[in-house]
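1. this is a predicted model, with the sequence first.
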Amino acid sequence: MHHRRITVLGPAFAGVAAAVAVAASSAVASPSTVRLRGSSPAAAATAQRVGSVANGSRIDFQVDLQLGDPQGAATFAQAVSSPGNALYHHFLTPAQWEARFSPSISAVDSVSSFLKSSGFTVGQPSADRMEIPASGTAGQVEQAFGAPLGLYLVHGQTVRLAASDLSVPSNIAGVVSGVSGVSQTLAQPDSTTGATPAAGAPAATPSTHIPQPTGFRVATPCGAYYGQQIDTTLPAYGNGYPSTPPWAVCGYTPPQFRSAYGLSGSDNGSGVTVAIVDAYASPTLLSDAQRYASENDSSNPLSSSQFSELLPQSFTNTQTCDASGWYGEQTLDVEAVHSTAPGANILYAGAQNCITGLNDSIRAIVDGHLADVISNSWGDSGGDLLDSSSDRVATDNLLLMADGTGISVLFSSGDSGDEYTSIGVVTPDYPASSPYATAVGGTTLQIGSAGQRTGEFGWSTARSFLCDATWAALGGCTSDQEGTWGPIDLALDGGSGGGTSYVYSQPAYQAGVVPTSLAEANGSSSPMRVEPDVSMDADPATGMLVGETQTFPDGVYYDTYRIGGTSVASPLFAGVVARADQTAGTPLGFLNPALYSLYGASGALNDIGPAGQQDMSRADYVNSIDSTAGLFHTTRIIDYEGQEQFCGPTVGRSGPHTVCTTRNVALNTAAGYDNMTGLGSPGLGFVADLAATK
């Protein structure tokens, strides 16, 4: 599959801030307009067009404005974030930052005037003056911005995209960086149970009501700690792997995480606020988290005074965004933050939707400086390559404001490894690839009986199914194959996202740490940004036990289950950062320059190396809740770095057909920095060392 390469936007912390280029238009637009290069996402050039956008359909969008001083904003963010700089941790207030770097009032007025004259309903500009919300019909959007719209199939979902770059009048072209929301980008939560959906599972039924998510339970056997339960019953997988591997864990609890990562002492995040940004809001979010803490971490209850919410007046696009699918993400995030920082305050910001609402929630937190740390357990799959550059610029500008005002912003790196199996090209997710955010990757964490960290490896899982009567009845194998293991699933079971950016030059903090072979992995003649930056546990087979109200056949009620994904890693790490903030006595702000300064420091970071030949056995209920329909049995290869496969449609002489291609996994663990786990995981001295950076 061919993918259009996006133009490099410019260096981070080593030059000017990223910006959408504008140029005089060709015959596509009239002489009085200017084309916004990169405002049409790359997906529009490669995805299958499946329909037209109704002329009268409503579109809510935002016009994003250029910073008044993008170079100055990037330079200042570098200065206040870099140990050794005279301005280190001398942050600005939001009002001070806006006065120095935000778009001018006259720029806001001129863009608002254009929108009103085009017939749009124009909302109140954001407090930072970087965004003007507006709404109108698809026909109005096409006429005002000179770009046709269409419906395209992207990642299995139908989304609206601009088929060509948007244009704006020449008199405002110099202040407009892009238009967000015209082309839909559907963010998804980076959480997974690692289970295999049962064949023929019913599809979601459209409804205005957001139900609690479908129930899931962990099948036994499973261990309370790693290696407690050993598999002596299933046939040996062979191929050099142990004949009696451990069963997957039932789900780690808060005391186990704190013990394994050395999170002890009186500094437990007290006085620090961690914000969690997800879409929508579960009505049982607080009560579930309180019950979970009471039953699994009784010495650290979650009080109502520690928890608050920031919610819109209404939620939109609930079907498109699979609203109830976000409920488990929210629950996980709150319970994970409280696990590693039980003294921290938690602000849950539930976005209006998964399209433009997530950035709006971040913006409200940053503009009001409502938190010291923001954890985002979501991302755009392959977004570093596929998202429009105007969408990235809007987010990057917001991140620059967070960096300059002393807010640490974390993003999960993704759950599909290098993304080849999902989209057919190796590329990192966005916003994790932004050089102005901290990308949190995933590991397979092994915790022993005494809470000690006995091993930790890169999270990259391949699986093989045991052929038994259940699997044969479902068509996974034939009856004469019973008792044998199937081939490795080349689609992978999941893995830490990461890789080399196509659009961001190498930030200064990565120079000398990230190997050149990784920084130039995409064939660039100069080093590029590589992510993740740091990692924590994410493997669903060594995942976190969570408690959530779910929908079961016999009713809707609270139950527990095990979950993984870099959605576990990001909020766990957010709690670690909260502890470091408390120890330092000040918010640490943008973390990456300080993080990379700890590279090689004894005890600060656990270097994650290859696992060798290790695997786990795992059982899963076919119906996801009990054994009445049987169980799947799989072996899960730890730190899988073999072949992966992408199967996609193509058109040949005989018509449309599916073609599958294979390649070696592009993300690997190695001594030092690697593109699966970054710098590694927090070591026993991490909190003290990070807090002490000067």
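-> Structure's in. What do you need? Numbers count the residues shown, from 1 in each chain.

2. the stretch 1-150 of the chain: helices as residue ranges?
-> 43-46, 70-81, 94-101, 105-117, 138-145 (DSSP state H, counting those that start in this stretch).

3. got the ones you listed as JSON lines, with mean pLDDT, distance to residue 607 and mean neighbour count columns?
-> All C-beta spots, glycine's among them, are computed from the backbone N, C-alpha and C. Shown next, in JSON lines, are the helices of the stretch 1-150 of the chain (pLDDT from 0 to 100; distance: least, CB to CB, whole Å; neighbours: other CB atoms under 10 Å):
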{"stretch": "helix 43-46", "mean pLDDT": "80", "distance to residue 607": "36", "mean neighbour count": "20"}
{"stretch": "helix 70-81", "mean pLDDT": "97", "distance to residue 607": "24", "mean neighbour count": "21"}
{"stretch": "helix 94-101", "mean pLDDT": "98", "distance to residue 607": "36", "mean neighbour count": "18"}
{"stretch": "helix 105-117", "mean pLDDT": "97", "distance to residue 607": "47", "mean neighbour count": "16"}
{"stretch": "helix 138-145", "mean pLDDT": "97", "distance to residue 607": "49", "mean neighbour count": "20"}
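
4. check the secondary structure at the nearest residue to residue 459 once chain neighbours are set aside for me.
-> Nearest non-adjacent residue to residue 459, counting by CB to CB, 6 or more residues apart in numbering: residue 442, 3.9 Å away. Here residue 442 is strand, with the state taken from DSSP: H, G, I helix; E, B strand; the rest coil.

5. now for residue 442, how many residues are close by?
-> 37 (other CB atoms under 10 Å).

6. I'd like to know which of the helices of the stretch 1-150 of the chain is closest to residue 350.
-> Among those, helix 94-101 comes nearest to residue 350, with 21.7 Å by CB to CB.

7. okay, that closest one in CSV with CA atoms only?
-> C-alpha atoms of helix 94-101 as CSV (Å, rounded to 0.1, in the frame of the first residue of the first chain):
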residue,chain,number,x,y,z
PRO,A,94,-1.3,31.2,31.5
ALA,A,95,-2.0,35.0,31.2
GLN,A,96,1.8,35.8,30.9
TRP,A,97,2.3,33.1,28.3
GLU,A,98,-0.7,34.3,26.3
ALA,A,99,0.6,37.9,26.4
ARG,A,100,3.9,36.8,25.0
PHE,A,101,3.0,34.0,22.5
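
8. angle of that helix against helix 70-81?
-> Calculated by axes from the mean of the first three to the mean of the last three CA atoms, to 10 degrees, helix 94-101 forms an angle of 140 degrees with helix 70-81.

9. contacts for helix 94-101 next, please.
-> Helix 94-101 is contacted from outside by 67-70, 72-73, 76, 92, 127-129, 366-369, 400-401, 404-405, using CB atoms under 8 Å, 6 or more residues apart in numbering.

10. how distant is that helix from the center of its chain?
-> 28 Å (CA atoms, centre = their mean, to the nearest Å).

11. please apply the same query to stretch 659-669.
-> The answer for stretch 659-669 is 21 Å, by CA atoms, centre = their mean.

12. which ones are touching the closest residue to residue 394 other than its chain neighbours?
-> The shortest distance from residue 394 to any non-neighbouring residue, by CB to CB, 6+ apart, is to residue 64 (4.0 Å). Counting by CB under 8 Å, 6+ apart, residue 64 touches 130, 131, 176, 177, 178, 179, 180, 390, 393, 394, 397.

13. quick one, which of those has the minimum pLDDT?
-> In terms of pLDDT, the lowest of the contacts of residue 64 is residue 390, showing 86.

14. in which helix or strand does it reside?
-> According to DSSP states H and E, residue 390 maps onto helix 389-404.

15. roughly how far does residue 616 sit from residue 643?
-> 20 Å (CB to CB, to the nearest Å).

16. ok, the two, which is more surrounded?
-> Neighbour count, other CB under 10 Å: between residue 616 and residue 643, residue 616 has more, with 28 against 12.

17. mind checking the SS state of the more buried one?
-> Per three-state DSSP, residue 616 ends up strand.

18. next one: residue 255
-> Residue 255 - assigned by three-state DSSP - is helix.

19. which residues are in contact with the closest residue to it other than its chain neighbours?
-> The spatial neighbour of residue 255 that comes closest, neighbours along the chain excluded (CB to CB, 6+ apart), is residue 297 at 6.2 Å. The neighbours of residue 297, taking CB under 8 Å, 6+ apart as the test, are 253, 254, 255, 338, 339, 342.

20. I'd like to know which of those is nearest to residue 485.
-> Closest to residue 485, out of all of the contacts of residue 297 and judged by CB to CB, is residue 253, at 31.7 Å.

21. how many residues are close by that closest one?
-> 21.

22. could you measure from it over to residue 61?
-> 44 Å.

23. equivalent analysis for residue 641, please.
-> From residue 641 to residue 61 the distance is 42 Å (CB to CB).

24. same deal with residue 525?
-> In terms of CB to CB, residue 525 sits 36 Å off from residue 61.

25. between those two, who's got more neighbours?
-> Set residue 525 next to residue 61 and count neighbours by other CB under 10 Å: residue 61 wins out with 21 against 5.

26. which parts of the stretch 251-400 of the chain are strands?
-> Here the stretch 251-400 of the chain has its strands, by DSSP state E, counting those that start in this stretch, at 273-279, 307-310, 345-351, 373-376, 378-379.

27. to residue 322, which of these lies closest?
-> Across the strands of the stretch 251-400 of the chain, closest to residue 322 is strand 273-279 (CB to CB), at 9.2 Å.
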